[in-house]
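*Asks:* Build the 3D model from these lines:
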Amino acid sequence: MFIKPFKVKSNNQLKGSERKKLCEDVITAYPSLTEEQVQLLLPKREAINVMKVITHNGTIVRLYCVAKIPIFFSPNSPNPYLFPTIYTLWSHPDLLYCFTISSTLESKLASGADLMLPGIILPKPTTFHSYGKMSKGTPVAVNTDENKAPIAVGLTALSSEDMYMSAGRGKCVEIYHIIGDSLCQLGKPSPKPELGVPTLSISDDMDETNIQSTAENSEILPALIDELEISKNDNDEGNNSDEVGDDPDKLDDEESVTNDIECPVETDLEIDPVQEMDELLEYCFLKACKSMKTTNLPILSSNFYKNHLIAACPPNKTIDIKKSKYKKLSVFLTQMKQKELINTSVVKGVESILSIKFEHPLLKSFVANEEKVLESQQPASANSVIVTECYRITADVLPIFTKYGLEKGDVLKRAEVRKCFTDYVKAENLQNGKILNLNPILAQILKTKVHEEIISMEDGINKFIGRMTRMHEITSGGSKLLHTGKLEPIDMRVTTRCNNKKVTLVNNLESFGINPKEFSKECQVIGASATITEDPGKKTPSVLIQGNQILYVYKLLTEKYQIKKIYIKGLEFAPKKKKGG
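*Replies:* From the prediction side, this is the model:
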């Protein structure tokens, strides 16, 4: 916002009443500040000026300066925020939630770039709350790994949940103000202080229940147990080579390891579910490695997990890496690398398996012990895409769900919402056949008409669900994505390019967990060229296929990926059958 010079439209000194109003606004915006701290920021003996400036992109901003040094600024927008400048944050570095980056990226931000998710340094391992608990458009600060003193201020481009679900890709912070910009040219501020190295930790507003739950269930990184919550994503791409050590017993005794990784056999004894999942995971890993060909290497770790490891799972078992002691794929692969089974590398945050040591004793002695007939059925399920409608708990319906140990933000399927609602109605004795008697709590939630005391049970359930946030859970290749709001279908259409040649464009594949690059390769089977292209008017890249391939794409989506027809549009562009002569 202030990278380029701005124009000063007006510059006035605040009156006594205006100064008092500004102090009240600061306390309202930042309740963590005491009145004494606000008085130090806005001292009575110093003149406070408000400057009305116009930035290079036409945004009108109010700057509040003390002794010509900018302290706060407020852009003119539908939801104006009172942002602290970096000089204010140097005195109060914890005023805003702060993302940490490498000091080498500071020059890129100073040149006008926004902060992207791959540039953030996160506590390891990455969990659901590694990005805090913020909504989209929340003011945040940015510091470096060398100094806690913030260097930039901006707004979050995504919510914390969306940052986690985006697998470390996309924009994180839209930078408004950074050290060295035109805003820093006002007055003669003091140099950046040395506040020490920032401490990487999970968001402080994580509640005690979550922390206690983490301590009971997590078995790795004992030193960080109090700060972490079990990850809700089982396909992280980070590298956590220093976080999990080898098990000396397993390394020293190969025969013992071989016995541990055999496919679990049901017994009458109680089996630790974490240990059982560890054994299943290691069993499937060895089975997948043994079936791999050297021509398939190197391979992205995410593709190995999705297309090979999950496919190697026995038909009566289900892999859930977050239920193992490893919690994340990257941690598990690090353990396998330390056992010298594989060799991996990480480039720009993306991990790949470079090679597999097929002569390793564990692989040479490994024998799969389930039937091969059923095994052949697994790859098809690994490619299928399952879309499930679900709902997020909002503040409106929270009074009902708190009775069942649920919290705001939890995501439930429709059947689970219906069960909680009917259980509450029965517990309160509010149901009379198909009639629902409204108590004050339900009347408030359902927003019924004044003096309306009864409605039909079905109307009550539908209105109750209507007060929640509609979402879609998309399961693809063992990973799950949550999509808020309306789920746009996969869009197929035919258009013409140079020399009036017809091409097929397929958009919105990523919303269903389908990799466009892999999809384009599958389309090349029919002998037509397929590439990734930017489609004007579309937010995501499209797959461009030579010729009218609507029918082939439709068949591929419905049969191989098992996507329901309601989530695909554009079949009307398929070539029409010619009438017989």
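*Asks:* would you put the C-alpha positions of stretch 328-347 in PDB?
*Replies:* The C-alpha coordinates for stretch 328-347 follow below in PDB (Å, rounded to 0.1, in the frame of the first residue of the first chain):
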ATOM      1  CA  LYS A 328       2.200 -37.100   9.500                       C
ATOM      2  CA  LEU A 329       3.500 -38.700   6.300                       C
ATOM      3  CA  SER A 330       6.700 -36.600   6.300                       C
ATOM      4  CA  VAL A 331       7.600 -37.800   9.800                       C
ATOM      5  CA  PHE A 332       7.000 -41.400   8.800                       C
ATOM      6  CA  LEU A 333       9.100 -41.100   5.700                       C
ATOM      7  CA  THR A 334      11.900 -39.600   7.800                       C
ATOM      8  CA  GLN A 335      11.800 -42.700  10.000                       C
ATOM      9  CA  MET A 336      12.000 -45.000   6.900                       C
ATOM     10  CA  LYS A 337      14.900 -42.900   5.600                       C
ATOM     11  CA  GLN A 338      16.800 -43.300   8.800                       C
ATOM     12  CA  LYS A 339      16.300 -47.100   8.500                       C
ATOM     13  CA  GLU A 340      18.000 -46.700   5.000                       C
ATOM     14  CA  LEU A 341      14.900 -48.100   3.200                       C
ATOM     15  CA  ILE A 342      14.500 -45.000   1.000                       C
ATOM     16  CA  ASN A 343      16.300 -41.800   0.100                       C
ATOM     17  CA  THR A 344      14.200 -38.600   0.000                       C
ATOM     18  CA  SER A 345      14.700 -34.900  -0.800                       C
ATOM     19  CA  VAL A 346      12.800 -31.700  -0.200                       C
ATOM     20  CA  VAL A 347      12.700 -28.900  -2.800                       C
END
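*Asks:* Quick one: mean pLDDT over it.
*Replies:* Stretch 328-347 comes out with an average pLDDT of 89.
*Asks:* what comes up buried for that stretch?
*Replies:* 328-337, 339, 341-342, 344 (16 or more other CB atoms under 10 Å). All C-beta spots, glycine's among them, are computed from the backbone N, C-alpha and C.
*Asks:* How about stretch 160-177?
*Replies:* Quick answer for stretch 160-177 (16+ other CB under 10 Å): 160-165, 167-168, 172-173, 175-177.
*Asks:* same check, this time on stretch 100-117
*Replies:* 100, 101, 105, 106, 109, 110, 114, 115, 116, 117.
*Asks:* Next up, identify which helix or strand the nearest residue to residue 487 once chain neighbours are set aside is on.
*Replies:* Nearest non-adjacent residue to residue 487, counting by CB to CB, 6 or more residues apart in numbering: residue 472, 4.5 Å away. Counting by DSSP states H and E, the element that carries residue 472 is strand 469-476.
*Asks:* CA atoms only for that strand, dumped as PDB, please.
*Replies:* Output in PDB follows, covering the C-alpha atoms of strand 469-476 (Å, rounded to 0.1, in the frame of the first residue of the first chain):
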ATOM      1  CA  THR A 469     -22.600 -23.200   7.700                       C
ATOM      2  CA  ARG A 470     -23.000 -25.600   4.800                       C
ATOM      3  CA  MET A 471     -19.800 -27.400   3.700                       C
ATOM      4  CA  HIS A 472     -18.700 -30.300   1.600                       C
ATOM      5  CA  GLU A 473     -16.100 -32.900   2.600                       C
ATOM      6  CA  ILE A 474     -14.200 -34.200  -0.400                       C
ATOM      7  CA  THR A 475     -12.300 -37.400   0.100                       C
ATOM      8  CA  SER A 476      -9.700 -38.300  -2.600                       C
END
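*Asks:* Could you identify the helix or strand that succeeds it?
*Replies:* Strand 469-476 is succeeded, C-terminally, by strand 479-484 (DSSP H and E).
*Asks:* Give me the contacts around that next one.
*Replies:* 161, 165, 233-235, 306, 390, 392, 411, 469-474, 511, 513 (CB atoms under 8 Å, 6 or more residues apart in numbering).
*Asks:* just checking, what packs against the strand holding residue 472?
*Replies:* strand 385-392, strand 411-413, strand 479-484 (3 or more CB pairs under 8 Å, 6 or more residues apart in numbering; DSSP states H and E).
*Asks:* for these, which one sits closest to residue 310?
*Replies:* strand 479-484 (9.4 Å; CB to CB).
*Asks:* Show me what counts as buried in the closest one.
*Replies:* Neighbour counts over strand 479-484 (16+ other CB under 10 Å) mark 479, 480, 481, 482, 483 as buried.
*Asks:* Just the closest of these to residue 550, please.
*Replies:* residue 483 (24.6 Å).
*Asks:* coming back round to it: mind listing which of the buried residues of stretch 328-347 are in strands?
*Replies:* Judged by DSSP state E, the buried residues of stretch 328-347 include 342, 344 as members of strands.
*Asks:* if we take the buried residues of stretch 328-347, which one ends up nearest to residue 561?
*Replies:* Using CB to CB, those come closest to residue 561 at residue 329, 22.0 Å.
*Asks:* tell me the mean pLDDT over the helix ranked longest in the chain?
*Replies:* With secondary structure taken from DSSP state H, the chain has its longest helix at helix 273-291. Average pLDDT, helix 273-291: 87.
*Asks:* what's that helix packed up against?
*Replies:* By 3+ CB pairs under 8 Å, 6+ apart, helix 273-291 packs against helix 329-338, helix 361-364.
*Asks:* of all the ones you listed, which lies closest to residue 499?
*Replies:* Closest of those to residue 499 is helix 329-338, at 46.0 Å (criterion: CB to CB).
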